[in-house]
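Peer 1: Please find the sequence and the predicted model below.
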Amino acid sequence: MDGDLRGWRQCLLGGAVFAVCMVGTTLPTPLYGLYQEKFGFSELTVTVVYSVYAFGVIGVLLLAGNASDTVGRRPVLLAGLGFAAASAVCFLCATGLGWLYAGRLMSGLSAGLFTGAASAYVMDLAPRGGAARATFVATAVNMGGLGCGPLLAGVLAQYARWPLYLPFAVHLAMVIGSAAVLLGLPETVREPQPLSAVRPQRPGLPRQVRAVFVPAAIASFAGFALFGVFTSVSPAFLAESLGVHNHAVSGLVVALAFFASTAGQLAVGKVGVGRSLPLGCAVLLAGLALLAGALRWDLMVLMVLSAVVGGAGQGLAFRAALSAVAGVSAADQRAAVISTLFVVAYAGISVPVIGVGVLTGPLGLEGAGLVFIACMTLLATTAAGYLLRRPLQAST
């Protein structure tokens, strides 16, 4: 019993460190408007600054996604916290656009190191027989941390002094505290090897997984693209079209999407993988329709509903996609296949967002958003139609 309590305490502490890292990745979301005023850049630049993060994540997944299996969990996570601290320092020192690019890149490198290593670490620390609960902890702290980032920054920016500095100073203090916590936790890799033993992990797509992977990847791309648009341009839409200039409200709307995603991911266990992926696509379509209505008629209630419904659809679809592709992959190919799925997902959080930024100039924010919604609707409908014809047979 004492061992179980100690294991769960360590598991929760590891989860808290995971959450702190993810908070930093979404912390700038409600502040982009303030940076635009300070540095005088366009909405396209906002989307590019945002997307640099995803390129950092993809780079780490390709080059060092399996590093923690080789050198140990703690060294990789400490490196991730180092990049998170560097990101906060970049934003604290920001005197021009270059600092923002650097800060977002450091944040992406941090998230890339944490995504796989921290999830594995949380599950490693759990007592024997606690795998299901540990998976819940990893899922909750990942999406919960992403949701808390814009909420924390929005509240501090709205109700405290130094809106472009205080959020990052607070996060830097949280990162330092997390490093101290991490140093007090045990290493779970039994025989760590030197850094020179790490080899790049190539994405892979064996023939036997392609029938499952294609609709799973399409749904993941669309879901992450919805998140990308929400976290990069929704504060501008709230301010320009709805007259909402309260940073705390902007942060809350974005946070709702991530919190709803957590709920959607937790529902997969009850709904089942085979049904969750097409259902997630359908819910995602409903979220896109609500977002289109919000853009077309400038209605705050539809914006909030689109965050909740779209987030839930993304959570359902992505966890089901992850479970499905893992379930049909051979053990020695699973890591490569999952890395490929994450690369596709993070491409979704960057490329369409930049497209929206490009279209904002000639079409305006509303027109660019509607074009994006039309494209994502086509993708989600394609995935759902494929799954209706060929249902997944994978199990949770």
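Peer 2: Received, thanks.
Peer 1: C-alpha from now on. contacts and neighbour counts both.
Peer 2: Fine.
Peer 1: Now for Gly59: which residues touch it?
Peer 2: Each residue near Gly59 by C-alpha atoms under 8 Å, 6 or more residues apart in numbering is listed here: Leu109, Gly112.
Peer 1: again, 10 Å this time
Peer 2: Contact criterion C-alpha atoms under 10 Å, 6 or more residues apart in numbering gives Gly65, Gly108, Leu109, Gly112, Val343 as the residues in contact with Gly59.
Peer 1: Mind jotting down where the helices sit in the protein?
Peer 2: Counting by DSSP state H, the chain has helices at residues 2-26, 32-39, 43-64, 67-71, 73-92, 97-125, 131-159, 166-183, 210-240, 247-271, 273-297, 300-327, 334-348, 351-389.
Peer 1: Lowest average pLDDT across these?
Peer 2: Taking each of those in turn, the one with the lowest mean pLDDT is helix 334-348, at a mean of 83.
Peer 1: Check which helices and strands that helix sits against.
Peer 2: Secondary-structure packing of helix 334-348 (3 or more C-alpha pairs under 10 Å, 6 or more residues apart in numbering; DSSP states H and E): helix 43-64, helix 97-125, helix 210-240, helix 300-327.
Peer 1: So for the second one, what gets flagged as buried?
Peer 2: By neighbour count, with 16 or more other C-alpha atoms under 10 Å as the criterion, the buried positions of helix 97-125 are 97, 99-125.
Peer 1: Stretch 45-55 now?
Peer 2: Judged by neighbour count (16+ other C-alpha under 10 Å), stretch 45-55 contains these buried residues: Thr45, Val46, Thr47, Val48, Val49, Tyr50, Ser51, Val52, Tyr53, Ala54, Phe55.
Peer 1: looking at the helices of the chain, which is buried most?
Peer 2: helix 300-327 (a mean of 26; mean count of other C-alpha atoms under 10 Å).
Peer 1: could you redo the buried residues of stretch 45-55 as a markdown table and give each row distance to Val254?
Peer 2: A markdown table is the format used below for the buried residues of stretch 45-55 (distance: C-alpha to C-alpha, whole Å):
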| residue | distance to Val254 |
| --- | --- |
| Thr45 | 20 |
| Val46 | 16 |
| Thr47 | 15 |
| Val48 | 18 |
| Val49 | 17 |
| Tyr50 | 14 |
| Ser51 | 16 |
| Val52 | 19 |
| Tyr53 | 17 |
| Ala54 | 18 |
| Phe55 | 21 |
